[in-house]
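[1] Have a look; sequence and predicted model below, questions after that.
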Amino acid sequence: MRSSNPVFSRRGFSRDNGYAGFNAQQPQAGGPAVGTNPYATGTAEGTTNPYATNPYAQQDTALGAPQQARTNVMTIDDVVSRTAITLGTVVVTAVLAWLLLPVDPANINKSYGIAIGAALVALVLSLVQSFKRKPSPALILAYAAFEGVFLGVISAAVSTYIADGVVPQAVLGTMAVFAGVLIAYKMRWIRVTRRFYGFVMAAAMGFVLLMAVNLLFAVFGGGDGLGFRSGGLGILFGVIGIILGACFLALDFKQVEDGITYGAPREESWLAAFGLTMTLVWIYLEFLRLLSILQGDD
């Protein structure tokens, strides 16, 4: 089950069986590969598994020899290391943009222009990666670099002209949401089901459409558009945006869990890093906006 929107379709590790793990039976130790495991050796239709041998399948009793386990499967260490590299790229380029692209009155228009250009490039790269069947580390890291430039300039401008000190608060808020959702997911307080997935996707698309309409009203009508970016409505939509980001984190964790459980190829860890980075950027920007509104009203 995927959204037709390539940005919002949190790419599961199953290719043709819907969102990863929603209809799949969890493999049991010593048991055969059954159900809709996307990484099993075959399917009911007799198609060949593109990921070869299922490492959870039982030994081949006909030959009397155990099935050789694959060594190139995704592990949690792979996901952590790739995510650290991707987020590290975002942070480094953001810091460089903050330092090298000043937002003082004499240079702010130039810096804003570079930031908007970087954001557009990052959007294009994310769309290209979303349409690709296989992850491209170069594309993902390039996306992270351009996204970091955008975040660096925007963060510097907000800190300089709107709310001094809001950036570290937004970073801490993002880290707190990540930790909270991770704990809730591991404790099974959050259960990612098909219904959960459908609700999150519908809510996210509605949220983005409202923000797009508000932007159009602001550009062509002046002012703050429909008021979704300031005042009470701005605070409400900021909270909703953070909650949606937390829900996306749960979807990301589900994909990582299913990929590891079903023996996804190691290269899929780059997709996990890509999804987690996009979600954390979303949450950071929503925190930055919400805290700016709150401090601006003081």
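    The structure has been received and is ready for your questions.

[2] how far is the helix or strand hosting P168 from where the chain is centred?
    Taking DSSP states H and E as the definition, one finds P168 inside helix 166-186. Mean-position distance between helix 166-186 and its chain equals 14 Å (C-alpha atoms, centre = their mean, to the nearest Å).

[3] Low-confidence ranges, the stretch 51-200 of the chain, go.
    The model of the stretch 51-200 of the chain has pLDDT under 70 over residues 51-70.

[4] circling back: tell me what the helix holding P168 is packed against?
    helix 231-261, helix 268-296 (3 or more C-beta pairs under 8 Å, 6 or more residues apart in numbering; DSSP states H and E). Heads up, the C-betas are built off the backbone N, CA and C, glycines and all.

[5] what angle sits between the longest one and helix 268-296?
    When axes from the mean of the first three to the mean of the last three C-alpha atoms, to 10 degrees is applied, the directions of helix 231-261 and helix 268-296 differ by 160 degrees.

[6] And helix 231-261, what does it pack against?
    helix 76-100, helix 166-186, helix 194-221, helix 268-296.

[7] Going by neighbour count, which residues of the host helix or strand of E147 are buried?
    Using DSSP H and E, E147 sits in helix 137-157. Across helix 137-157, burial judged by 16 or more other C-beta atoms under 10 Å covers 139-157.

[8] Check whether R191 sits in a helix, strand or coil.
    Using DSSP: H, G, I helix; E, B strand; the rest coil, the structure places R191 in coil.

[9] My error: substitute R188 in the last question.
    Strictly by three-state DSSP, R188 counts as coil.

[10] Based on its surroundings, how many neighbours for it?
    Neighbourhood size, R188 [other C-beta atoms under 10 Å]: 7.

[11] May I have the phi/psi pair for it?
    Here is the backbone geometry of R188 (degrees, to the nearest 10): phi 60, psi 30.

[12] For it, give its distance to A250.
    Per C-beta to C-beta, to the nearest Å, R188 is found 11 Å from A250.

[13] Which neighbours do these two have in common?
    Shared contacts of R188 and A250, defined by C-beta atoms under 8 Å, 6 or more residues apart in numbering, are absent.

[14] okay, now L182: neighbour count?
    14.

[15] actually A179, sorry about that
    10.

[16] before we move on, the earlier item: highest mean neighbour count out of the helices and strands packed on helix 166-186?
    helix 268-296 (a mean of 22; mean count of other C-beta atoms under 10 Å).

[17] buried set for stretch 80-97?
    Buried-residue list, stretch 80-97, by 16+ other C-beta under 10 Å: R82, T83, I85, T86, L87, T89, V90, T93, A94, A97.

[18] which one of those is nearest V177?
    L87 (14.5 Å; C-beta to C-beta).

[19] Check the gap between the closest one and Y143 for me.
    Where Y143 is concerned, L87 sits at a distance of 12 Å (C-beta to C-beta).

[20] Touching both of these two, which residues are there?
    T277.

[21] possible to save the helices and strands packed on helix 166-186 as JSON lines with distance to L172 and mean pLDDT?
    What follows is the helices and strands packed on helix 166-186, written out as JSON lines (distance: least, C-beta to C-beta, whole Å; pLDDT from 0 to 100):
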{"stretch": "helix 231-261", "distance to L172": "13", "mean pLDDT": "90"}
{"stretch": "helix 268-296", "distance to L172": "9", "mean pLDDT": "92"}
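
[22] so which of those helices gets nearest T174?
    Sorting the helices and strands packed on helix 166-186 by C-beta to C-beta, the top spot, which is the nearest, belongs to helix 268-296 at 4.6 Å.
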